[in-house]
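*Asks:* Give the three-dimensional model of this entry:
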Amino acid sequence: MRTTEHLEAVVERVRRTPLGERIPADWAALTDLPFTAKEDLREHYPLGLLAVPREALRRIHASSGSRGKPTIAAYTQHDLDVWSEVMAECMTMAGVKPGMVVHNAYGYGLFTGGLGFHQGAERIGALTIPVSGGVTARQALLLRDLQGQVLCSTPSYALHIAEGLREAGIGPDDLALEIGMFGAEPWTDAMRTEVEAALGLMALNVYGLSEIIGPGVAAECAEARDGLHVMEDHFLVEIIDVDSRAPVRDGEDGELVITTLTKEAMPLLRYRTGDITSLTREPCACGRTSPRISAIRGRVDDMLIIRGVNLYPSQIEEALLHVEGVAPHYQLIVDRPKQLDELTILCEGRGANLASRVKEAIREQVGVTAKVLVRPMGEIPRSEGKAVRVIDRRNLKQPKGV
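*Replies:* Numbering: from 1, shown residues only. Modelled structure (predicted):
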């Protein structure tokens, strides 16, 4: 089925939902159709946007609800089959082959990460170990004893696993790791370098979100690692200006918007993801011609304005991890004691004048002045899922001591 026919079909499915009344009767192009936002899902929580009878559902997932009421993702059997298909394609692009040992340290349950990677790996024919998150010492032992070749987790948890390996006296030479598939949080090339050095694998980026399907919307190929290939048979992507909502040119940063072309249970038209990225349609060095998105820079609602400078946490990470002696564990604390936001960076590491060197690197590379506090190694909380990088204290009433 061609993209135009897919689009016509999803429009008809959305017409069965409360959002259908927004669709113009005379629409002729994608840009004639209305946007959908997370607020729409919350307004119709939990299952008010179903386009199929409830009896047709086979599974429910949900977001964490960390930014408000959780959003529900519902799946028919067709949706689950599509999810397995796109995850298998993403993992195949990464180099996962039948018979390989996949150590899946994404959380299982309502979070889509664990089961998404699990069903993709099984679809390929890999040996899948559903370790889930937590009990990091066990992760280390199982990676060594079962000789996992593919590690699936958030990048921050991969670093936590690397610490567990070091504490257990297990080095990269004791492991069979070849491939790491990391997602669920923005991360930088500097973080990629840290993870690869710590675990002795090739780190690849995977993108998805529960409202659309889960992981499997886009992923890097092993050959080029030059942007994430969009699964274009199932997801139609646009990049828009955050304020004007107008399309931006290829290569320019903006908000990622996704239309689900084949989803049955809860189809979405022009869903504003809140993720900042750019798009290219140039053929990849790997030979694939699918559109590619850049690594996620951050989220629209994560943007910080520090003394008039707009920045995302990923920019701080990139600068921070280029400072010699800094460990890849940090937190950003934002206060507003007067009228301007103030940024404090908590980091770990070793070396002379580390705080002043970090402060200077941030000022030179990002253009803001920040307070830097170097904590003892191991003091900054480690994540077993999505890392909490930003602590926003601007709206708190209580004292703001760090």
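
*Asks:* where along the stretch 251-400 of the chain do the strands fall?
*Replies:* With strands called from DSSP state E, counting those that start in this stretch, the stretch 251-400 of the chain shows them at 254-260, 271-277, 279-280, 292-293, 298-299, 304-306, 309-311, 326-335, 342-349, 371-375, 390-392.

*Asks:* Does anything pack onto the fifth one? Which helices or strands?
*Replies:* Put plainly, it is strand 298-299. Strand 298-299 makes packing contacts with strand 271-277, helix 313-320 when contacts are defined by 3 or more Cβ pairs under 8 Å, 6 or more residues apart in numbering; DSSP states H and E. (Glycine included, C-beta is placed from N, CA and C.)

*Asks:* Pick the most deeply packed of those.
*Replies:* Neighbour counts (mean count of other Cβ atoms under 10 Å) averaged over each of the helices and strands packed on strand 298-299 peak at helix 313-320, with a mean of 23.

*Asks:* In CSV, list the C-alpha atoms belonging to that one.
*Replies:* Output in CSV follows, covering the C-alpha atoms of helix 313-320 (Å, rounded to 0.1, in the frame of the first residue of the first chain):
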residue,chain,number,x,y,z
PRO,A,313,20.8,19.0,29.0
SER,A,314,22.5,17.0,26.1
GLN,A,315,24.6,20.1,25.3
ILE,A,316,25.9,20.2,28.9
GLU,A,317,26.6,16.4,28.7
GLU,A,318,28.6,16.8,25.5
ALA,A,319,30.8,19.5,27.1
LEU,A,320,31.1,17.8,30.5
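
*Asks:* just the angle between that helix and strand 342-349, please?
*Replies:* Angle of helix 313-320 versus strand 342-349, following axes from the mean of the first three to the mean of the last three Cα atoms, to 10 degrees, is 50 degrees.

*Asks:* And Leu143, which helix or strand is it part of?
*Replies:* Using DSSP states H and E, Leu143 maps to helix 136-145.

*Asks:* Buried residues of that helix, list them for me.
*Replies:* The neighbour-count check on helix 136-145 (16 or more other Cβ atoms under 10 Å) flags 136, 139-140, 142-144 as buried.

*Asks:* Ok, stretch 153-170 next?
*Replies:* Residues 153-165, 168, 170 are the ones in stretch 153-170 that count as buried (16+ other Cβ under 10 Å).

*Asks:* closest to His329 among these?
*Replies:* The nearest member of those to His329, counting by Cβ to Cβ, is Leu159 at 7.0 Å.

*Asks:* Which helix or which strand is home to that closest one?
*Replies:* Element membership of Leu159, judged by DSSP H and E, is helix 155-167.

*Asks:* what packs against that helix?
*Replies:* Under the contact definition 3+ Cβ pairs under 8 Å, 6+ apart, helix 155-167 sits against helix 136-145, strand 150-153, strand 179-183, helix 189-199.
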